[in-house]
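Engineer: just a sequence and a predicted model for now, questions to come.
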Amino acid sequence: MIRLEKRPSPSRFWTMLTPVLAVVLTMIAGGLMFAILGKPPVEAIRTIFWDPLFGEFAYYFAPQLLVKAGPLILIAIGLSLGFRAGIWNIGAEGQYIIGALVGGGVGLAVYPSDSPFLFPLMVIAGGLGGFAWAMIPALLRTAFRTNEILVSLLLVYVAENIMASMALGLMRNPDGAGFPGSRNFKDYPAAFNDELVTGVGMHWGVLAAFIAVIFAYILLQRHMLGFQIKLTGQSPRAAVFGGVRPARLVIFCLGISGMLAGLAGLFEVTGPSGQITTDFNQGYGFTAIIVAFLGRLHPVGILLAGLLMALTYIGGDAAQLNLGLPSSAIQAFQGMLLFFLLGVDILSNFRIRFRKREVV
Amino acid sequence: MMKPKPLLAIEDLTKAYPGVVANNRVSFEIEPGEVHALLGENGAGKSTLVKMIYGLVRPDAGRMTLKGEPFEPHEPRAARAAGVAMVFQHFSLFEALNVAENIALGMENAPPQRQLAARITEVSETYGLPLDPDRLVGDLSAGERQRVEIIRCLLQDPQLLIMDEPTSVLTPQEVEILFQTLRKLSAEGTSILYISHKLEEIRALCETATILRGGKVVATCDPRDVSARSLAEMMVGQTLMQPSRARREMGPVRLRIKDLTLAPANPFGTRLKNISLSVQAGEILGIGGVAGNGQDELLSVLSGEVHTKKGAVELNGKPIGDLGPNERRALGLLAAPEERLGHAAAPDMSLTENALLTGWVRKRLSRRGFLNWGKARAFAEEVIADFDVRTPGPANAARALSGGNLQKFVIGREILQAPDVLVVNQPTWGVDASAAAAIRQALLDLAASGAAVICISQDLDELMEISDNFAALNGGNLTPPRPAKGLSVDEIGLMMGGAHDMEAAHVEP
C-alpha cells in the first residue's frame, strides 16, 4: 500500500526539483500522445523544445521567445502576488484588453502626434485602465463579499465585447476603407512600442516584465507588505492578528495585478500586435495563470516558467508547421505540463511510503 | 475467597505510530461496577488506549479480555455490541435537530420516534438525568448536551462507559450533578473508565487510578489515599515547581473597558453584553468561564482584531477602541489568542517569521517597511533561549513544534516585548505540566515587573493559582471582579452561571 505522510516542513529539495520533474514527465506523456497520433515522438519533442532556440530557423523563432514570454511574465507576476494572499484574479485577460483599449485609445485620440510624451502617457493610461477594471471585483468583494473569481472572470467577456465594439466603432481606422480594426501603430511612430534592439524581440514590455520580476522579488523577500501577503495566504486569522487589513490587501493585490495586465495589453497592442482588432487578445491573461503556478508563485520561477511556456507556444507552432500536429494536440501538451506540475507538487509537502497493508 | 473476574482485562497492549510509541505494553484491569481513572498528561497515550478499547484504533500487539472472552473490536459498532460505550470530549450533535432525533441518528435500528422518546424519558428518569426529548439541541446548555450523549450511551445498556474529559465544559455545580449520575451507574454495576487530568475530581469520584506516562503505566493506586500533589508528580515524573508569587504593589489602572456591548462577527459567536473591567499595573485579572461564553470575542476586542467605539477600551487613560492590533502594540497592549496554530502563529511559517508577526512594531524589526531578517532571527532566538522552547532552530516551521513548545514561544514572544498590558486566552491549554508551570511563572514575573495581565482561562486551578482578582464570563456577561483569595469553589461556580438551571439528578439515597 502506498501512503502519503505529511512532512513537518516542506522539503526545499523537492520544491526546487518538482518543476523539472514535471517537465520530464510531460515530455514522456506528450511523446506517447504524439506517438499514438502517428508522429515521431522524439522529433516532435525536439521540434518543440530544441529547434526554436538552436535549430535552423532559430533566427526567426528566438526573438519570438521574448515577445511571447514578456506579457506572460508581466501578468503572471501580478497574479502571483494575489494568489499568494488567497486573492484569485482570474480575469487578467479582461484587464489586459481594457488596458490596451484605454492606452491605445489615448494614442489614437490625438492622432497624428509626434510628442515624445505620448508613449509614456499611453503606458500610464494602459496601466490605469487595467487597474480600474480590476477595481470592479476588488470593490465588490470588499463592499459586498462577492466572489472575485466569478466577477473578474465574467468581466473578461464584458471586456471582449467592448473590444469588438471599439474595433468596429469608435476606434476604427477612418482611412481603413471600412475594414474593422484601428490604425496600425506600426505606422504611428510616436505611439509605437518598437524593439529596443533590433532582432531580439526585446521591447518596452519585456523590459517592464524584468523590472516587475525584480520588484516582486524584493517585495516578497524583504518588505513588510510581501510578508503580509504571504501571511494572509497561509493563515488569514493570524494575518488579522498581525495587523493586516484584509480589504486593503484585496485592493492592493487586485489593483497591481490589473495594472500589470493592463500594461501588458498596452505594450502588446502598440507593439507586436500593432492594431486594435475584434480579437487582438491572445489569451495571455489566462495562460499567465498557468505560468504563475508553473513558477510556484515565485518571481524567479515565473520568469523561467514564462520562458518555458513561450517556448512551448513557439515550438508548438513549429511542430504544427513542420510535422502537421493538430493545434489541439499542442494545447493538450501544455495542459499536461500543468497537470504534472500540480500532481508532483505533493512531493514537496508529503513523503511517499511504501509498505505492506495492515492485516485486518 | 475468589477474586471476582474483572470486566475488562488489558494485557501488554502496544501501539506505535511513526516516531512515537503511543502505548507500550499497557496492562490493567477494570472490575465490574468500578469507577476507574485513567490519568496522564497530554500525549501520555490516554486517547490511543481508549480508542483501542472502543475499536477506533487497532493495537499492534497485546490482548484484551471482556468478561473472560477475547475482545478484539475492529470498529466502534463491534465495541458497542459487546457493551462498551463512550462519551467523547467533543459532542457530535446536530443543533438543528431535537434530542430524540439526535439520539436516533446514532442508533443502529432506531425505533419510531414516539417509542424512542418514551424510552429516553424512562432512562433519563431512572438515572436522574432530566431531559425533554422534544427540545432542540441548539437550545441546550453544555451540561444538557452532555446528558444527550450519556443517554445515547445508556440506551445500549453498556457494561463499560468510557468518559473522555467529561468535565472540561462544565461548571463545578454541573460537575457535581454528573458525579451523582456516575455514582448511581456504578452502584448498579456499570463500570466507568474516567479519563481526566483534573486530580481533585478523580480523588472525589474514582476508586482506582491507572497513571500513564510516555505510553507506559507508571503507577496504579487508589486516588482517595494519595494527595493530589503526589498524583501530579506520578503523572509528570518529576517534582513540580510551585509558582512563586512575589509581593506586588498595585499601580495605576492600565486598561479599562467601559460598558462594552458587541454583536458577534459571525452567527455562531457570542454577544458581549455590557462588559466593564479594569486592571492595574502589577495585577493579574483571571477571567474564568466555560468555553464559548465570549472568551474569543473578548480577546479580539482587546487585541484590536475587532474594533469598538473609541472610548469603550482605554489604555493608560487613552481611548483605543478604534485602533488596530499594531497601533495597540505600539502603545503597549499585547495579546496571545487561544488557538496557537492559525491564529497566534502561522503554522507553515518559520519561527523567525512568526516572531516578526507580532514583534515587528515594538522590536523595530523593519525600517520604512523593509524587513530586517537578521534582527527578526535574533529576536526569535532570544525567545527560544529565554523560554526554553525545544526546537532545532528558528528556521523550523511553527507546526513542527509540540503544543507546549509552541505555546511557550507564543507567550515568550509577547512577554519579551515588555508589554504594559498582556491579554492571554487559555495560556496553558493542551500544554504539559512543566511547560504550564513555566508559563504561569512567566505571567507572575511579568506582573511583578509592573505590567497588567488579563488571563482568560477555563482552568480554574490555574486562575486561582495566579490571579489577584477573578471574574467570570457567562453568556457574554462578565461578573464584577472579586479578590481571588478566599473565593470558594461554590462561589466561583455560581459566578460561572451555577448549574445553568439544570435540574439536579434525582438519585435515591
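Structural biologist: Looks like it arrived, so ask away. Since this is a predicted model, take the numbers as computed values, not measurements.
Engineer: list the contacts for residue A:32?
Structural biologist: Under the criterion of Cβ atoms under 8 Å, 6 or more residues apart in numbering or on different chains, the contact partners of residue A:32 comprise residue A:41. From N, CA and C alone the C-beta is placed, and that goes for glycine too.
Engineer: buried residues, the host helix or strand of it. List them.
Structural biologist: With elements delineated by DSSP states H and E, residue A:32 resides in helix A:12-36, which encompasses its position. With burial defined by 16 or more other Cβ atoms under 10 Å in any protein chain shown, the residues of helix A:12-36 counted as buried are A:14-15, A:18-19, A:21-23, A:25-27, A:29-31, A:33-34.
Engineer: okay, the most centrally placed residue in chain A: pLDDT?
Structural biologist: For chain A, the residue whose C-alpha lies nearest the mean C-alpha position (Cα atoms, centre = their mean) is residue A:288; its distance is 2.1 Å. If you check residue A:288, the pLDDT there is 94.
Engineer: so what's the closest residue to chain A within the stretch 101-250 of chain B up against?
Structural biologist: The nearest approach of the stretch 101-250 of chain B to chain A comes at residue B:215, 19.8 Å away (Cβ to the nearest Cβ). Applying Cβ under 8 Å, 6+ apart to residue B:215 gives the contacts B:20, B:21, B:22, B:23, B:24, B:26, B:44, B:45, B:48.
Engineer: among these, find the lowest-pLDDT one for me.
Structural biologist: The lowest pLDDT within those belongs to residue B:20, with 75.
Engineer: tell me how far the closest residue to that one other than its chain neighbours lies from residue A:28.
Structural biologist: Counting by Cβ to Cβ, 6 or more residues apart in numbering or on different chains, residue B:20 lies nearest to residue B:215, which is 7.7 Å off, once chain neighbours are set aside. When distance is defined by Cβ to Cβ, to the nearest Å, residue B:215 is 46 Å away from residue A:28.
Engineer: sec struct for residue B:255, please.
Structural biologist: The three-state label given to residue B:255 by DSSP: H, G, I helix; E, B strand; the rest coil is strand.
Engineer: who touches it in this structure?
Structural biologist: B:278, B:279, B:302, B:313, B:314, B:315, B:316, B:333, B:421, B:452, B:454.
Engineer: restrict the residues you listed to contacts with chain A.
Structural biologist: With Cβ under 8 Å from any Cβ of the partner chain as the criterion, the subset of the contacts of residue B:255 in contact with chain A is empty.
Engineer: top of the residues you listed by neighbour count?
Structural biologist: Neighbour counts for those (other Cβ atoms under 10 Å in any protein chain shown) peak at residue B:452, which has 29 neighbours.
Engineer: beta-bridge partners for that residue, please?
Structural biologist: When assigned by DSSP bridges, residue B:452 has beta-bridge partners residue B:421.
Engineer: show me what contacts it?
Structural biologist: Counting by Cβ under 8 Å, 6+ apart, residue B:452 touches B:254, B:255, B:279, B:280, B:281, B:282, B:283, B:285, B:420, B:421, B:422.
Engineer: leaving out sequence neighbours, find the closest residue to residue 103.
Structural biologist: Defaulting to chain A. Counting by Cβ to Cβ, 6+ apart, the nearest residue to residue A:103 once its immediate chain neighbours are dropped is residue A:126, at 2.7 Å.
Engineer: try again with chain B
Structural biologist: Residue nearest to residue B:103 in three dimensions, not counting chain neighbours: residue B:152, with 4.9 Å by Cβ to Cβ, 6+ apart.
Engineer: now swap in residue B:224 and tell me
Structural biologist: By the measure of Cβ to Cβ, 6+ apart, the closest residue to residue B:224 outside its immediate chain neighbours is residue B:203, 6.0 Å from it.
Engineer: secondary structure class for the one you found?
Structural biologist: Reduced to three states with three-state DSSP, the structure at residue B:203 is helix.
Engineer: equivalent analysis for residue B:314, please.
Structural biologist: The assignment at residue B:314 comes out as strand when based on three-state DSSP.
Engineer: where does the prediction get shaky in the chain?
Structural biologist: No chain was given, so I picked chain A. For chain A, applying pLDDT under 70 flags the ranges A:1, A:8-10, A:355-360.
Engineer: try chain B instead
Structural biologist: Applying pLDDT under 70 to chain B flags residues B:1-4, B:19, B:239-243, B:246-247, B:267-268, B:498-509.
Engineer: which positions in it make contact with chain A?
Structural biologist: If contact is defined as Cβ under 8 Å from any Cβ, the residues of chain B in contact with chain A are B:18, B:58, B:74, B:303-305, B:324-326, B:329, B:335, B:337, B:339, B:342-349, B:353, B:356-358, B:360-361, B:366, B:369-371, B:373, B:396-397, B:399-400.
Engineer: mind listing the strands for the stretch 1-150 of chain A?
Structural biologist: If you assign secondary structure with DSSP state E, counting those that start in this stretch, the strands in the stretch 1-150 of chain A sit at A:2-6.
Engineer: now the helices: where do they sit in it?
Structural biologist: Chain-ordered helices for the stretch 1-150 of chain A, with DSSP state H, counting those that start in this stretch as the definition, fall at A:12-36, A:41-49, A:51-54, A:58-84, A:92-109, A:118-144, A:148-168.
Engineer: likewise for the stretch 351-500 of chain B?
Structural biologist: So, for the stretch 351-500 of chain B - with DSSP H, counting those that start in this stretch - the helices run B:351-359, B:373-386, B:403-415, B:433-448, B:460-466, B:489-495.
Engineer: nearest to residue B:167, of those helices?
Structural biologist: When the helices of the stretch 351-500 of chain B are ranked by distance to residue B:167, counting by Cβ to Cβ, first place goes to helix B:460-466 at 10.7 Å.
Engineer: show me what that closest one is packed against.
Structural biologist: For helix B:460-466, the packing partners by 3 or more Cβ pairs under 8 Å, 6 or more residues apart in numbering or on different chains; DSSP states H and E come out as strand B:284-288, helix B:433-448, strand B:452-456, helix B:489-495.
Engineer: nearest to residue A:310, out of the ones you listed?
Structural biologist: Between residue A:310 and the helices and strands packed on helix B:460-466, the shortest separation by Cβ to Cβ is 54.2 Å, and it involves helix B:433-448.
Engineer: ok, residues contacting that closest one?
Structural biologist: Among residues not part of helix B:433-448, those counted as contacts by Cβ under 8 Å, 6+ apart are B:41, B:232, B:235-236, B:238, B:240-246, B:248, B:282-284, B:387-388, B:404-405, B:407-408, B:411-412, B:415, B:419, B:422, B:424, B:427-428, B:431, B:453, B:455, B:462, B:465-466.
Engineer: got a quick PyMOL command for the buried subset of the residues you listed?
Structural biologist: Under the burial definition 16+ other Cβ under 10 Å, those of the contacts of helix B:433-448 that qualify are selected in PyMOL by:
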select buried, chain B and resi 41+232+235+236+243+248+282+283+284+387+404+405+407+408+411+412+415+419+422+424+427+428+431+453+455+462+465+466
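Engineer: helix or strand: which one has residue 183?
Structural biologist: Reading this off chain A. Assigned by DSSP H and E, residue A:183 falls within no helix or strand.
Engineer: not what I meant, chain B
Structural biologist: In this structure, residue B:183 sits in helix B:172-187 according to DSSP H and E.
Engineer: what is that helix packed up against?
Structural biologist: Counting contacts by 3+ Cβ pairs under 8 Å, 6+ apart, helix B:172-187 packs against strand B:35-39, helix B:142-154, strand B:191-196, helix B:199-205, helix B:489-495.
Engineer: what sits against the residue of the stretch 151-300 of chain B found nearest chain A?
Structural biologist: Taking Cβ to the nearest Cβ, chain A has its nearest neighbour within the stretch 151-300 of chain B at residue B:300, 8.5 Å off. Going by Cβ under 8 Å, 6+ apart, residue B:300 touches B:265, B:306, B:337.
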